[in-house]
Each structure stands twice: as structure tokens, then as C-alpha cells.
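Trainee: Output the structure for:
(one chain, ligands or ions: 1)
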Amino acid sequence: MCGIVGYIGNQEAQPILLDGLRRLEYRGYDSAGIAVMQQQKISVRKCAGRIDKLQQLTDASPLHGSIGIGHTRWATHGEPTDLNAHPHTDVKGDIAIVHNGIIENHAALRRHLEAQGCVFVSQTDTEVVAHLIHTLYRGDMMAALQQAIRMLSGSYALAVLCESEPDVLYCVRLGSPLVVGVGQGEMFLASDIPAILPHTRDVLILEDREIAVLKRGSIEVFDDLGARKTPAPLHVSWDAAAAEKGGFAHFMLKEIFEQPDAVRKTLSAYCGPDGLQEMLPGAPDLVNFIACGTAYHAGMAGAYYFAQLADTESAAHIASEYRYRKLFPHANEAVVAISQSGETADTLAALRQAMEMGAHTAALTNTLGSTLDRTVSRSLLTYAGPEIAVASTKAYITQVETLLLMAMDLGLRKGKLTRERAKELLDGLAKLPEKMESLLKNQAYLQQYCDRHMHEKLMFFIGRGMDHSLAMEAALKFKEISYLPCEAYAAGELKHGPIALINNGTPVIAICTQESLLEKTLSNLRETKARGAETICVCPQRFAERAAREADIVWTVPDADELLLPLLVMLPMQLLAYHMAVAQGRDVDKPRNLAKSVTVE
Ligand code: AGP
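Mentor: Sure thing, here's the model as predicted:
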């Protein structure tokens, strides 16, 4: 979703802003722009389309100055046009702002401002903020911002330039993330950490309603009433290379290949020489997961693990549904929010609902310092490193891994899992990265399959139990990056309707990791074959012979404990989606209409 960058220092701002915007491209956007203070005057360059187009504009007409702000916009109010692109300015053009989030009362404010003579040039909610600040400004931007944020409802991260205060960059947030990178005699602003990593790893994460005043050599933070605050900077261990492609054609492919290492790091973070850490506080007898998209699919796998290993009732919920559902308090319930970014609006809202209901809450996130990480008292991190591709791969795998470890820890503490079985699983997990590496070495067969099937109209992914969650994740990967219509179904449900969609040659991929359900799923696969489907079974080596009796094609992964197989079978599924998207010439890392971090409802 939209991205913000800002710079104040002694270097030329324009190249730093453009580079920062490129690093935020993965968030998803459809227009971009920058504003730079040039000899005490604000100048703006902006356009619909990609940053390359903005670069052409700035090459033709460069901006010189050492203070500036930049933005990538993901359209919500008004189409992606040059005029709707940020930065937006007030009538006179002496205040420029960039904004992430949604101003919910923009229509009322617009009427109020128009009545005062403000002339609007865009359809955005953001332009309202530029005019509002301008009408409130009486020579003191702090005071104007304090007043403005009292009048705004919705969510925002704002960066503001003002010609009357040409050596200051202001910013404020509510609900949308904003981080300040602290350099030597220079400050960087961004909506997330990867954009500032090449410059500094010392970051300060703004809290809701904090106003930061950035000067070349200083940063001051105030609350919305003007009281000074002294937040401590955070040192980020990720390096800049972790957020670069490193020779891979796409971030997604690089991130798929980083998974063995991510699994190693996550395991060693939670399991030391003394065994597993206590992960979830207490011993809940009901565990609910709330999440969106891929993180929800990880939650489905987590629910399966909690039932199997901790004998604990557990379910995954789509956050956007959970937040509007009637909730029933339970005496000993834990609600765990799962989110790669830690900024997903629906997940955060659902978490607040759970908190209000009195549930014990915890978080599982990949992003240290994210809103989610800071909202709960127990935050568990996944150690996947920065995930840039919109399609989540390594974050998902480490989420599933961490949920497995959480379930094991609870199972051990509740006496539902024996030490021997836990050791077996931990030993298996330690060996998994090697198996993943061997699996990643051979992907030619998947590439060839995609080259042959790139004109498919529909694909099916099926599975039962845990495998249903894997089928849903595999289908989501396909949809989001190849745009190929896919159905993911619990295998037993096919005959209740969706089987009508099967045509001659429709690919049906069955994921089979569980011995007890293998024959059932294979028989469902047989039913689709009888109706003309081309059937594929993805399974461990030890099921290959049985699978080959039913499926046209069998793709195997190395043998492993049944509960660890989800971490293996998802690799060929991710690669299959990747190669299909490449075969179709899609923008793999930045699929149409999608954003990496979904910060609006
Ligand atoms: C994953 O491939 C998707 N792009 C998307 O479903 C994502 O998982 C979802 O938006 C949730 O994001 P989060 O993990 O950052 O909360």
C-alpha cells in the first residue's frame, strides 16, 4: 500500500527520495511523486505510473535541495492520475504533504474548506489535509499539526514541508506506520524499514499521535498536546543486502531460496540447549488465531498443530470477519494475531476486539517494531528477514514453523506431548533445511509444466485436514501472481458442487501429507480424473507408489515426519506459482492491484 519517504540533510534529496521510493515499490502503488525545498520554495514532480516515469520527469527537470518528501500511491479515493498523485499542496503551494491511510471525514472537511475558498484540484482525501493545515497555520507548524490532527478522523502517516520553515521536516502518524532513520547530520523518513536500510540501521518508530520534528542534526518528538517525549532508537540487525535481489531474477525467487536459512534461524531463536522456550504465556485451553491472506492459512496450520500436539481446541479466523463477529468471552482463551508486516489494518482491529473482550493476546510477526509487535505484551518474531515480494513465501514458512513450536511447547507443558515425541520433531526440524535445499535444486520439471500449461483457464488445489490449508495457500500464490483462476477445496467437498467445473484437461493438484487421509484424497482425485481432469499428486517419497496408481503425475518431496511435511510441500507449490507467473510475463514481485502491507480496511 502507499509508501512515504523523506530526507533532511546535506546531500541532494532527489536521488535519495527516488531510491527510497524504489525500495518501497513492493508495497504496491500506481502513481508516485516527490517534493523538494529548492531555494526556500517547494517544487513538486509527480505522475501516474511507475517510478521509472517519475525518474524521466526528474531527469528532464531535476529538483535541487537537501530536504524533501516522496510518495508511492495506491489509489483509494480517485483514480491513479497525475493530479491525484502525492505530494499535495495547499492553494498557494507553500505547504506540501504526503499521506498514507484514509481520512474518513474528508467529505465534510472538504465542504468546510471549500466554503472558506479553498480550491481543490484532485479527488483525493489527502488534499483536504494540505488545505486544512494551511488554513490552521499561523507561523507555527507544530501548533497547526496539533489542531489538524484533532480534526481528522481515520488513519494517517503524514510528512509535511512548509516554505515558511524551510529547514524542518514534520511528520505525524495515527494507525499507519512511520519510521525515522537517524543518521549523522541527516534524518531519513519512511513508512517501513527497508527503505532506509542503505543509510542507517538506527531507527525510531513513531507511536500513534506523535509528532516528530526533524532537523539536520536533531529529532524531537512530541505528543499531540505538545509534551516532549524521548523515544529510544532501535538498532535493526537486517542489513541492506537482505532487502536486495542478490542476483535472483525476482525477490520472490530469492525469498523462496532463503527459506532453509529462515527455518534454521527461527528454530535456533526458540530452541536452545535447554530445549524449547515457553512461547505462549500460561496454558490456555482455547487458542484462536486471527490473520489475513497467507497469514490466515498459516493460522489454519497452527490450529491443526495445537489440536494434534497440545490437545487444545483451536481455530483460525479471517480477521476482517472476526472483527465484526459477536464474540463470546472464554475464561482461558488466547488470541494470537499473525501478520508478516504487523501493520495489517484488519488484523490489528480484530486484535483490539479480542483485547476488549478480555482474551490473553499474543502476536506472531516478522516485523520487529511494527504496530502489532508493540501492541501486545507477548510478541513472537519469525526470523525470515525482510520480505519484499508481495507474495509471501518465507514469512509463511516461518509462521507455520513457529506455530508448530508453540503447539509443542504448550503440549509439553500440558503433559499432552511426550519428551520423546518432541525430541523426534525437533531433530526432524533441524534436518529440514537440508531437505529444503535439495528440493530447491531441481525445479526444471515445474518450469516445464508451466511452459506447457500457461494457457490453462482454471486449476484446482485439493487436500484434507492440514492439506486443505496447504491447498488454499498454494491456490492463493497462483491467483495473486499468475492471475490464473484457481479453486482450493477440501477434497471431500468437490462432489458437492465444484466438480461441475472440471473439464477435459483441467489440472487438479492434490496435496497429500497425511497417511490416514491419503486413500480418501486419492479417491477424490480419481473422481476428477473420471471427469477428464489431469491429476497431480504432491506427496512425500514414501507415498509415491500409491499416488502413481491414481494420479497422472506425481511430484515428490523428501520423506519427513508427517507434521513437518507442510514445510516441504509448499516449496514446489511456491515455485510452480512463480514459474507460471514468469511464463505468463507477469510482474511477479508487484502483482496488479495488490499491496504488500494492507493498512486500510
Ligand atoms: C500473501 O502472499 C499475500 N500477499 C497476502 O495475503 C498477505 O498474507 C496478507 O495481506 C496479510 O499480510 P500480513 O501477513 O502482513 O498481515
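
Trainee: okay, and the helix or strand of this protein with the least pLDDT?
Mentor: Each helix and strand of the chain was given a mean pLDDT (mean pLDDT, DSSP states H and E); the minimum falls on strand 234-235 at a mean of 84.

Trainee: Residues of the protein that sit close to the ligand?
Mentor: Contact residues, the chain versus the ligand (CB under 6 Å from any ligand atom): 292-295, 339-341, 344, 347, 390-392, 480, 597-598. C-beta here means a position set from N, CA and C on the backbone, and glycine is covered the same way.

Trainee: Just to be sure, which of those are found in helices?
Mentor: Assigned to helices by DSSP state H, the following of the residues of the chain next to the ligand qualify: 293-295, 347, 480.

Trainee: Next, count neighbours for the residue of the stretch 151-300 of the chain found nearest the ligand.
Mentor: The ligand sits closest to residue 293 of the stretch 151-300 of the chain, with a gap of 1.8 Å, by CB to the nearest ligand atom. For residue 293, the number of neighbouring residues by other CB atoms under 10 Å comes to 22.

Trainee: Buried residues in stretch 414-421, which are they?
Mentor: 416-417, 421 (16 or more other CB atoms under 10 Å).

Trainee: my bad, stretch 454-464
Mentor: Residues of stretch 454-464 classed as buried: 454, 456, 459-464 (neighbour count, 16+ other CB under 10 Å).

Trainee: Just the ones of the residues you listed in strands?
Mentor: Using DSSP state E, the subset of the buried residues of stretch 454-464 located in strands is 459-463.

Trainee: Tell me where the stretch 101-250 of the chain is predicted with low confidence.
Mentor: Applying pLDDT under 70 to the stretch 101-250 of the chain flags residues 239-241.

Trainee: that's a strand at residue 408, yeah?
Mentor: No: assessed by DSSP: H, G, I helix; E, B strand; the rest coil, residue 408 does not belong to a strand; its assignment is helix.

Trainee: Could you tell me what pLDDT the model assigned to it?
Mentor: The model reports residue 408 with a pLDDT of 98.

Trainee: just to revisit the earlier point, check the ones in strands among the buried residues of stretch 454-464 and tell me the two furthest apart.
Mentor: Within those, 459 and 463 form the most distant pair, 13.8 Å apart (CB to CB).

Trainee: from memory residue 457 sits against residue 483, does it?
Mentor: No: counting by CB atoms under 8 Å, residue 457 stays clear of residue 483, with 11.7 Å between them.

Trainee: Name the residue of the stretch 451-600 of the chain that lies nearest to the ligand.
Mentor: Among the residues of the stretch 451-600 of the chain, residue 598 lies closest to the ligand, at 4.7 Å counting by CB to the nearest ligand atom.

Trainee: list the helices and strands the lengthiest helix in the chain packs on?
Mentor: Criterion DSSP H: the longest helix present in the chain is helix 419-441. Packing partners of helix 419-441 (3 or more CB pairs under 8 Å, 6 or more residues apart in numbering; DSSP states H and E): helix 259-270, strand 275-276, helix 394-414, helix 565-583.

Trainee: and the angle for it with helix 565-583?
Mentor: Angle of helix 419-441 versus helix 565-583, following axes from the mean of the first three to the mean of the last three CA atoms, to 10 degrees, is 20 degrees.

Trainee: Secondary structure element holding residue 147?
Mentor: Using DSSP states H and E, residue 147 falls within helix 141-151.

Trainee: Identify the residues contacting that helix?
Mentor: Contact with helix 141-151 is made by 105, 109, 129, 132-133, 136-138, 156, 160, 162, 164-165, 168, 170, 172, 174, 209, 211, 213, 222, 224-226, as judged by CB atoms under 8 Å, 6 or more residues apart in numbering.

Trainee: So which of those belong to strands?
Mentor: When DSSP E is applied, the contacts of helix 141-151 are split such that 156, 160, 162, 170, 172, 174, 211, 213, 222 fall in strands.

Trainee: from those residues, which is closest to residue 368?
Mentor: Proximity of the ones in strands among the contacts of helix 141-151 to residue 368 (CB to CB) peaks at residue 174, which lies at 21.1 Å.

Trainee: Wait, the closest one touches residue 207, no?
Mentor: No: judged on CB under 8 Å, residue 174 makes no contact with residue 207 at a distance of 9.5 Å.

Trainee: higher neighbour count, those two?
Mentor: residue 174 (20 against 14).

Trainee: For the ligand, what's its nearest residue on the stretch 1-150 of the chain.
Mentor: Nearest to the ligand, among the residues of the stretch 1-150 of the chain, is residue 28, at 9.2 Å (CB to the nearest ligand atom).

Trainee: got the contact list for that residue?
Mentor: Counting by CB under 8 Å, 6+ apart, residue 28 touches 1, 74, 390, 590, 593-596.

Trainee: burial count for the closest residue to it other than its chain neighbours?
Mentor: Leaving aside its sequence neighbours, residue 28 sits nearest to residue 595 (CB to CB, 6 or more residues apart in numbering; 3.2 Å). Applying other CB under 10 Å, we find 20 residues neighbouring residue 595.
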